[in-house]
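*Asks:* Just a sequence and a predicted model for now, questions to come.
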Amino acid sequence: MEATVQRFLNQAFNQIIQKFPNVTIEYKFSELSKSHIVKVTPAKIYDSESFLDLEGDLYKAWLNVETDDDFGLVTDGTIVDDSNMEEIYSPTPCKITISSTSSYDIDVEIFTERIRFQEQDFETNSESVFVLDNIRKYGMAA
Amino acid sequence: MTLVKKSNQNYQAFLYLKEGHFYTPSVHCCYYSCFQLVLAFLQEFYPDDYEKFNLDDRASHKHQINTFLYHYFDKFKKENGTKLKRAIFALKVARKDADYEPSELLEAEKVIILKSHVEQFRKTFKQDISQFFD
């Protein structure tokens, strides 16, 4: 791959990750169409106005890259063949830190959101108990 | 506006092929329906660029589309240029696969996505350049 194209792709991946840390990025080069295909999921992020805005900046920048290749961003359900793609980035998995103030205060960091579950949540909020049970089940406690 | 008429016919051809369940060849019509609007835009607003591509045997669709996008981003909203790029990129890649790749025939459910791309392209294009469709 040409150095300028590699540099562009690295910058593009970094810009996407900086702005949308919750996405998964996959990539492949289609030899037949000479196209760099970048798949971004979930679709709800790809379909957002803010992603469209960043995507426009990337396309405008691509126009200045000296290459005969093409570049484009797709998401789930694309008409483009998205088999055999290489995973470039996926978000950091959920981690738990257990507060020392109480054995029932549990901070759950899910991607960039931090949720605190407290003792009263476990008895009245069945969804919290479900999340806690699943975290224990997968052995992700710190 | 012969290129616009050809684009319209390719779109109609896509609909007929879709009705007849000829999904793989329909990709070709979707792509060319959009590409012909690209050429029509260049011919109308940037005739020097259009003529240059006509004379250059090495001109590829990619260069023509990039020149179109360069001018489109300059002339209209970035959001619309991005939507056009999204649609035509997907159709261009899919067309190459449909025409040349020894893969399975296109499934019916993929045609829905195909239709959404070509219609998004035509709708966005029409928003900015309605005179082509009068």
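*Replies:* Received the coordinates, thanks. Numbers count the residues shown, from 1 in each chain, chains lettered A, B, ... in the order given.
*Asks:* Only C-alpha atoms from now on, for both contacts and neighbour counts.
*Replies:* Noted.
*Asks:* what's downstream of the helix or strand B:Lys6 falls within, the next helix or strand?
*Replies:* Take DSSP states H and E as the rule and B:Lys6 turns out to sit in helix B:2-19. Remark: after helix B:2-19, the chain's next helix or strand is helix B:23-45, criterion DSSP H and E.
*Asks:* A:Thr92 and chain B, how far apart?
*Replies:* 28 Å (CA to the nearest CA, to the nearest Å).
*Asks:* Pull the helix or strand of chain B with the lowest mean pLDDT out as CSV, backbone CA atoms only.
*Replies:* Lowest by mean pLDDT, DSSP states H and E among the helices and strands of chain B is helix B:47-55, with a mean of 83. Only the C-alpha atoms of helix B:47-55 are listed here, as CSV (Å, rounded to 0.1, in the frame of the first residue of the first chain):
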residue,chain,number,x,y,z
PRO,B,47,-17.6,21.3,-19.5
ASP,B,48,-13.8,21.5,-19.6
ASP,B,49,-13.5,18.7,-17.1
TYR,B,50,-16.1,16.7,-19.0
GLU,B,51,-14.3,17.1,-22.3
LYS,B,52,-10.9,16.3,-20.7
PHE,B,53,-12.3,12.9,-19.6
ASN,B,54,-13.8,12.2,-23.0
LEU,B,55,-10.4,12.7,-24.7
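*Asks:* Looking only at residue counts, what's the top helix in chain A?
*Replies:* helix A:3-19 (DSSP state H).
*Asks:* Within the helices and strands, which one has A:His36?
*Replies:* Using DSSP H and E, A:His36 maps to strand A:35-41.
*Asks:* How about A:Ser50?
*Replies:* helix A:49-62.
*Asks:* what helices or strands is that helix leaning on?
*Replies:* On a contact count with 3 or more CA pairs under 8 Å, 6 or more residues apart in numbering or on different chains; DSSP states H and E, helix A:49-62 meets helix A:3-19, strand A:70-74, helix B:78-100.
*Asks:* Now do the contacts for the residue nearest the centre of chain B.
*Replies:* The centroid of chain B falls nearest to B:Cys34 when counting by CA atoms, centre = their mean (1.7 Å). The neighbours of B:Cys34, taking CA atoms under 8 Å, 6 or more residues apart in numbering or on different chains as the test, are B:7, B:88, B:118, B:121-122.
*Asks:* host element of the residue nearest to B:Tyr23 when sequence neighbours are not counted?
*Replies:* Excluding the flanking residues, the one nearest B:Tyr23 by CA to CA, 6 or more residues apart in numbering or on different chains is B:Leu106, at 5.7 Å. According to DSSP H and E, B:Leu106 maps onto no helix or strand at all.
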